[in-house]
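Undergrad: sequence first, then the predicted structure, then my questions.
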Amino acid sequence: MIDQQPDAANVRASNYYIAHTDTRCGHCGRSTPVLALVLPEEHEALDAETADGLNEWQSVSASAIVFYVVYLPHAVQARVSQLCPTFRMAHSAATANSYWANHCVHCGALLGDHELHCEPDGGFMPSSEAEAARIRLFRVDDAFEAAAAGYALEPEFFEFMRKI
């Protein structure tokens, strides 16, 4: 397990989802499983500094997918590695940073979060109801916190993803 500082969290929730789907690896061209972390409605996000220089937690009344995750507590790390052992901390040359990333099960290549979360038809950015239905959401009834640089509020076609 990666040892990280828990005070780095900028999102938290009383429960969360692990989203799971398959995508094509841009390196070897084969289909590989990938996962994402999804926060339910009524999660909290650390707001930008207020005028008095303090950060405040704000309730968010929408679901969100977090990515470019640099901190996960040990309990979340263990749960995630059970479902998808190829989701692990890695250094990305493209971002010049380390973050929790998916890797191809066949060739081991890092699958960048930008392609999975920010590009149309990326693994977690479906462009139709049918594509969204291929994404499975596993609910985890444990507390969640993370430090994430990416945050997609109200993911497109979220209501068509399959809750397991």
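TA: That came through, no problem. Numbering: from 1, shown residues only.

Undergrad: what does the longest helix seen in the chain rub up against?
TA: Longest helix in the chain, counting residues (DSSP state H): helix 74-83. By Cβ atoms under 8 Å, 6 or more residues apart in numbering, the surrounding residues in contact with helix 74-83 are 1-2, 16, 18, 20, 35, 37, 72, 87-88, 100, 138, 140, 142, 144-146. Using the backbone N, CA and C atoms, a C-beta is placed for each residue, glycine as well.

Undergrad: PyMOL command for the buried members of the residues you listed?
TA: With 16 or more other Cβ atoms under 10 Å as the criterion, this PyMOL line picks the buried residues out of the contacts of helix 74-83:
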select buried, resi 16+18+20+35+37+72+87+100+138+140+144+145+146
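
Undergrad: just the ones of the contacts of helix 74-83 in strands?
TA: If you go by DSSP state E, these have 16, 18, 20, 35, 37, 87-88, 100, 138, 140, 144-146 in strands.

Undergrad: max pairwise distance over those residues: which two?
TA: Between any two of the ones in strands among the contacts of helix 74-83, the greatest separation by Cβ to Cβ is 20.8 Å, found for 20 and 145.

Undergrad: rounded mean pLDDT for stretch 137-147, please.
TA: Mean pLDDT, computed over stretch 137-147, is 96.

Undergrad: again, but for stretch 21-37
TA: What stretch 21-37 shows for mean pLDDT is 96.

Undergrad: could you find the closest non-adjacent residue to residue 67?
TA: Leaving aside its sequence neighbours, residue 67 sits nearest to residue 150 (Cβ to Cβ, 6 or more residues apart in numbering; 3.7 Å).

Undergrad: confirm that neighbour sits in a strand?
TA: Yes - under DSSP: H, G, I helix; E, B strand; the rest coil, residue 150 sits within a strand.

Undergrad: could you report the pLDDT at it?
TA: 93.

Undergrad: let's number from 430 now, not from 1
TA: From this message on, residue numbering opens at 430, which makes the last subject residue 579.

Undergrad: residues near it, how many?
TA: 17 (other Cβ atoms under 10 Å).

Undergrad: quick check, it in contact with residue 497.
TA: Yes - Residue 579 lies in contact with residue 497 (Cβ atoms under 8 Å); the separation is 4.1 Å.

Undergrad: point out where this structure drops to low pLDDT.
TA: 430-436, 477-482 (pLDDT under 70).
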